[in-house]
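[1] Return atomic coordinates for the entry below.
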Amino acid sequence: MTGGPPFDNGAGKGPPVVVLDEIDSTNAEVRRRAEAGRTESVWIVGLRQTAGRGRRGRAWETGDGNLAATLLLTLDKPPAEAAQVSFVAALAVADLLAAYVPERLVSLKWPNDPMVGGLKISGILIESGKSPDGGLWLAVGIGVNLARKPIDSERPTTALPTWRAEPPPSPVEAIGVLAASFDRWLDVWLRLGFPAIADAWTAKALGMGEPCIARLGNETVEGIAEGLDGDGALRLRLADGQLRRITAGDVFFGAS
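    Reported below is the predicted structural model:
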């Protein structure tokens, strides 16, 4: 695990950025720091990940030139409320993507999949634990296909070069844009609460008002996606008129 000294995130404020040439997992590094009592906020960027992870224990392939970053964040909030940071992260990734491709191509799919052209281009993984001071630490893991899409993926994915003729940004350039945007949306959440985040997220949401299939472990349900509930759950209107709250699982809209 080697890398340079921390540097400013490009926003003129906010957590510093540490870039490592190679790491097993940026989320794992943040967890190690937090569990060792080092809870000061910092972005960890891995130029190469050897054991990246996605949601529900899935492997996440970073690939050369792609972004693998995790923010160590501490909050004085209960875990259920802190989980809303995943929507903050999704909005920050949407801003990053819109800096390099037309904004009309960028969308967000519940719960936290940033998309370009209707295809997944990024993954977000939030992990947490108790801080020594009694608060909560979060590992806000973000992967973005800047340079290429995964070779072996369960579902269709994409990368920035498909949508732009210019070379993609480097991970170091991208983290500056991402960190600045994350700071802005985190401030909105802390000052105005989740409704402001939910409104911004919904404005970019894929599939709201459309037929949706939700796969929930041992159960699959179908209905119309009506939007976010007050805690970030997806409201799904079933064929019999009942409203089902989806709090975890995979959702599919058409060919997404």
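[2] Quickly find the element holding A225.
    In the assignment (DSSP states H and E), A225 maps to strand 219-228.
[3] what's next to that strand, contact-wise?
    By Cβ atoms under 8 Å, 6 or more residues apart in numbering, the list of residues contacting strand 219-228 from outside reads 110, 198, 201-202, 205, 207-214, 234-239, 243-244, 246, 251, 253. All C-beta spots, glycine's among them, are computed from the backbone N, C-alpha and C.
[4] What of stretch 71-84?
    15, 30, 33-34, 39-44, 85, 126, 128, 131, 135-140, 142, 179, 182, 186, 189, 194, 197, 231-232.
[5] Show me the shaky parts of the stretch 51-200 of the chain.
    Low-confidence regions of the stretch 51-200 of the chain, defined here as pLDDT under 70, cover residues 52-62.
[6] Do you have the helices of it handy? List them.
    Here the stretch 51-200 of the chain has its helices, by DSSP state H, counting those that start in this stretch, at 79-82, 85-98, 171-192, 194-203.
[7] how about those helices in TSV, adding distance to D21 and mean neighbour count?
    Below are those laid out as TSV (distance: least, Cβ to Cβ, whole Å; neighbours: other Cβ atoms under 10 Å):
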stretch	distance to D21	mean neighbour count
helix 79-82	31	14
helix 85-98	22	24
helix 171-192	11	19
helix 194-203	34	16
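[8] what are the bridge partners for the closest residue to L73 other than its chain neighbours, then?
    Nearest residue to L73, sequence neighbours excluded (Cβ to Cβ, 6 or more residues apart in numbering): L138, at 4.5 Å. Note on L138: beta-bridge partners by DSSP bridges are L73, S128.
[9] Number of residues surrounding L138?
    26 (other Cβ atoms under 10 Å).
[10] That one reaches S128, doesn't it?
    Yes: between L138 and S128 there is a contact at 5.0 Å, judged by Cβ atoms under 8 Å.
[11] relative to helix 194-203, how tilted is the strand holding A225?
    110 degrees (axes from the mean of the first three to the mean of the last three Cα atoms, to 10 degrees).
[12] Which positions in strand 219-228 come out as buried?
    Neighbour-count burial for strand 219-228 flags V221, G223, A225, L228 (criterion: 16 or more other Cβ atoms under 10 Å).
[13] spatially speaking, which residue is in the middle of the protein?
    By Cα atoms, centre = their mean, the chain has its centre lying nearest to I124, at 2.9 Å.
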